[in-house]
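Novice: the following comprises the amino acid sequence and a computationally predicted model.
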Amino acid sequence: MQTNPEIVLSLRDVAVTYGEGKNALTAVQHVNFDIHKGETFSLVGESGSGKSTIAKAVLGIHDTSSGVVNFEGAQINGKLPAKQRHALDRKIQMIFQDPAASLNERATVDYIISEGLYNYHLYDSEEDREKKVRQMMAEVGLLPEQLYRYPHEFSGGQRQRIGIARALIMQPDLVVCDEPISALDMSIRAQVLNLLKKFQEEEGLTYLFIAHDLSVVRYISDRIAVIRHGRIVEVAETEELFTHPIHPYTQALLSAVPVPDPQLAQHKQLIVYDPSMHHYETDKPSLVEILPGHFVWCNKAEEAKYRGELAGLAG
């Protein structure tokens, strides 16, 4: 990682609330993180944790009720001029969870991949457009003869490749990957992750990767944020998080990750997270930097406890 990496996306005290008054439901709150250029920042949590809500707030699909979302130094949440929103929609692309639902079944692969090129006039001639599409198809592992086929003629993994091609042909500055492999067979997942990693290495892409499984994101992530009930409880570099998980919820998630070695699996202890262990009535929590670049949601008493445990490990 660079010493002073360029920040592409920054969230500060972001909250998203649905409804008003007594019916108001706060889906996410006090969300703070930065994503650096060229990295994969993964947001991991169980179903209903708020991870996809954050992604949709970044994309402008959901309105924020408070806080600031900055992209490339400019605030993008709140009402934007149509011209600014149009430009932003090209720079931030999304790869969806369900490739079958996200593709127009009545459109050919050629049109699906070309749609953004048409909307933003990103080609010089019809020949240039077709060349761009064919080149992108080759890069995601699709064949030229598949150009005029329809989504229903492809497997789930192939449909996701079409979705990836549609997003990346726009040459975005940020790609939001909303659980892009969760709907795929286990045998296909690694292929799609490898494809995303290849593009990142070749093009310097920046990913916000949404997932519910820590084992999935370990391979592709530079940093991971763990979210529970709309609040980020821990943020760290990937190997740091796996080596020194501090928050009890993170420890519980990691204990549920399958171990491929049967002998090691026998000795693995499953940790059950109990939220009642926290006492925040008077000693209020915040996101604290326990180790360099390693942040944990805790109060003063918990901070002292965590630091003591880490000092014991170091000793």
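Specialist: That came through fine.
Novice: so which residue is smack in the middle of the chain?
Specialist: Nearest to the mean C-alpha position of the chain, counting by C-alpha atoms, centre = their mean, stands Phe209 at 2.0 Å.
Novice: beta partners of that residue?
Specialist: Legend: beta-bridge partners of Phe209 under DSSP bridges are Ser42, Cys177.
Novice: do I have it right that it meets Lys51?
Specialist: No. Counting by C-beta atoms under 8 Å, no contact exists between Phe209 and Lys51, whose distance comes to 9.9 Å. No exception for glycine: its C-beta is placed from N, CA and C like everyone else's.
Novice: just to revisit the earlier point, so what pLDDT did the residue nearest to the centre of the chain get?
Specialist: You'll see Phe209 listed with a pLDDT of 98.
Novice: swap in the one 3 residues further on?
Specialist: We have a pLDDT of 91 for His212.
Novice: OK, contacts around the residue nearest to it when sequence neighbours are not counted?
Specialist: On the basis of C-beta to C-beta, 6 or more residues apart in numbering, the spatially nearest residue to His212 that is not a chain neighbour turns out to be Glu46, at 5.9 Å. If a contact means C-beta atoms under 8 Å, 6 or more residues apart in numbering, then Glu46 has 212, 228, 253 as its contacts.
Novice: burial count for the second one?
Specialist: Summarising burial for Arg228: neighbours were counted as other C-beta atoms under 10 Å, giving 23.
Novice: my guess is it meets Thr250, correct?
Specialist: No. Counting by C-beta under 8 Å, no contact exists between Arg228 and Thr250, whose distance comes to 9.0 Å.
Novice: distance check, Ser182 against Glu145.
Specialist: Distance check for Ser182 against Glu145: by C-beta to C-beta, to the nearest Å, it reads 30 Å.
Novice: looking at the two, which is more packed in?
Specialist: It is Ser182, of Ser182 and Glu145, that has more neighbours when counted by other C-beta under 10 Å, with 14 against 7.
Novice: the protein: strands as residue ranges?
Specialist: Taking DSSP state E, the strands of the chain run over residues 7-18, 25-36, 40-44, 66-71, 74-75, 92-95, 174-178, 207-211, 223-228, 231-237, 286-291, 294-298.
Novice: turn those into JSON lines, including distance to Gly157.
Specialist: Compiled in JSON lines, these are given as follows (distance: least, C-beta to C-beta, whole Å):
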{"stretch": "strand 7-18", "distance to Gly157": "28"}
{"stretch": "strand 25-36", "distance to Gly157": "27"}
{"stretch": "strand 40-44", "distance to Gly157": "20"}
{"stretch": "strand 66-71", "distance to Gly157": "31"}
{"stretch": "strand 74-75", "distance to Gly157": "36"}
{"stretch": "strand 92-95", "distance to Gly157": "13"}
{"stretch": "strand 174-178", "distance to Gly157": "15"}
{"stretch": "strand 207-211", "distance to Gly157": "17"}
{"stretch": "strand 223-228", "distance to Gly157": "25"}
{"stretch": "strand 231-237", "distance to Gly157": "30"}
{"stretch": "strand 286-291", "distance to Gly157": "37"}
{"stretch": "strand 294-298", "distance to Gly157": "35"}
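Novice: how about the ones you listed, which one is nearest Ala304?
Specialist: Taking C-beta to C-beta as the measure, the strands of the chain were each checked against Ala304, and strand 294-298 came out nearest at 9.3 Å.
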